[in-house]
Each structure stands twice: as C-alpha cells, then as structure tokens.
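J.: This is the structure alone, sequence omitted:
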Ligand code: AMP
C-alpha cells in the first residue's frame with residue numbers, strides 16, 4: 001500500500017480517545033512509509049490525523065473543494081493541497097489516489113464517504129480494502145446495523161465482509177495490508193442472497 005485515505009470528523013468529538021486514535025493512526029501511517037490522503041481541512045480529527053502524519057515525517061495529500069478552501073478551512077502545511085470543484089470530485093479523486101480507506105469516528109460526512117467507497121467496492125468499481133477504526137465502541141451500532149441489513153437480506157454476507165474492523169490503528173493497518181479482494185458481482189446470482 002502506497003497511499004491510504006482517511007475519512008474522519010471535522011469535529012474532535014467529546015471523547016479524547018478519538019483524537020488519540022487520530023494521532024496514533026496518522027503516526028502509524030507515516031511510520032509505515034505510506035502517504036496519507038484526506039479531506040484537506042485543519043479542523044477536528046481531520047487536522048489531528050494530518051498533523052500527526054506530518055510530524056512523523058509522512059507525506060500528506062489534501063483534497064478540498066473550492067467552497068471549503070475559500071472559507072479558510074484548508075490546512076496550510078500539507079505536502080500537497082489539491083482544490084477541486086465539488087464534493088463529488090473530491091471523493092472521486094480520493095478513490096483514485098488511494099489504495100485503501102479508513103474511517104475514524106466522524107459524523108454524516110464520514111459516514112457518507114465510507115459508505116460510498118463501500119458501495120463502489122460492492123459494485124466491483126474498485127477492489128481496495130476499507131476499514132472502520134472502532135474507537136471506544138463508536139461504530140458498534142453501525143456494525144450492528146450492517147448485521148441487521150444482512151439478516152433482512154438487504155446486504156449479502158459477502159458484501160458485509162467488505163467492512164474490515166479493528167479497535168487499534170496498527171491492527172487495522174495490518175488487516176488492510178493482508179486483504180485479498182474477492183470479485184463478487186452484486187447483480188449476479190442474486191438468489192444466493
Ligand atoms: P463529518 O464527519 O460530518 O464531520 O464530515 C467529515 C468528512 O466530510 C471529512 O472526511 C471531509 O471529507 C468532509 N468534511 C465535512 N466538513 C468539512 C470541513 N469543514 N472541511 C473539510 N472537509 C469537510
């Protein structure tokens with residue numbers, strides 16, 4: 001893996017474990033010689049993961065839409081900051097530049113970005129691994145929801161398995177590195193759901 005994209009909150013959240021995990025993850029990514037790709041803001045957990053990777057000597061690429069950059073939300077100390085037209089362009093560029101995806105705790109933005117790359121994997125549009133860093137049980141209810149979607153036959157078990165999870169950054173990075181893509185077409189053999 002040469003580059004990992006991290007999705008995370010533009011807020012810090014109330015549990016200090018979230019910032020701690022963002023710092024550990026940014027440091028671990030840089031220590032492994034992997035580039036960090038992220039949303040380019042200096043705010044919240046986004047700023048924390050970027051600052052940690054930079055402090056550990058890593059390369060950090062930020063992708064930010066013009067309307068956010070112009071609100072002075074862009075991180076000014078990145079290895080490279082790319083300004084794109086829209087949120088859609090940002091996600092497409094993040095996927096293009098990255099070999100794997102991680103979601104740290106976050107809100108709607110994080111969830112939307114993670115579920116989009118998951119959906120693209122499900123459709124076979126990419127074969128890259130994606131993982132949730134389940135810090136302090138933040139994603140327990142989302143993981144339960146994914147299980148419920150399988151039980152209700154709205155998600156196939158093989159697609160549920162696309163969500164890699166861990167509670168520790170190093171463990172999650174090891175799992176993403178070990179990932180072997182399975183090519184499963186969402187629309188073939190639907191009766192096997
Ligand atoms: P949220 O989880 O709702 O805080 O949104 C965080 C995610 O959405 C990040 O991964 C960003 O790509 C994007 N995002 C949301 N708010 C901002 C912001 N103020 N500046 C830059 N990116 C943001």
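T.: All right, it came through fine. Quantities reported herein were computed from a predicted structural model and do not represent experimental measurements.
J.: How about the residue in the chain positioned nearest to the ligand, nearest residue that isn't a chain neighbour?
T.: Nearest to the ligand in the chain, going by CB to the nearest ligand atom, is residue 109, at a distance of 2.1 Å. Any C-beta I mention is one placed from the backbone N, CA and C, and that applies to glycine too. Counting by CB to CB, 6 or more residues apart in numbering, the nearest residue to residue 109 once its immediate chain neighbours are dropped is residue 10, at 6.5 Å.
J.: That neighbour against residue 40, yeah?
T.: No. Residue 10 lies out of contact with residue 40 (CB atoms under 8 Å); the separation is 10.8 Å.
J.: Overlap of the contact sets of those two?
T.: Residues touching both residue 10 and residue 40 by CB atoms under 8 Å, 6 or more residues apart in numbering: residue 46.
J.: Compare these two and say which is more crowded by neighbours.
T.: Taking neighbours as other CB atoms under 10 Å, residue 10 and residue 40 compare with residue 40 leading, 26 against 18.
J.: so what's that one up against?
T.: 46, 62-64, 68-69, 74-75, 78, 81-82.
J.: Excluding residues flanking it in the chain, which one is nearest it?
T.: residue 62 (2.7 Å).
J.: can I assume that neighbour sits in a strand?
T.: Yes. Residue 62 sits within a strand when classified using DSSP: H, G, I helix; E, B strand; the rest coil.
J.: for it, what are its contacts?
T.: Contacts of residue 62 (CB under 8 Å, 6+ apart): 38-41, 50, 74-75, 78, 80-82.
J.: Filter the residues you listed down to the buried ones.
T.: Burial by neighbour count, judged by 16 or more other CB atoms under 10 Å, picks out 38-41, 50, 74-75, 78, 81-82 from the contacts of residue 62.
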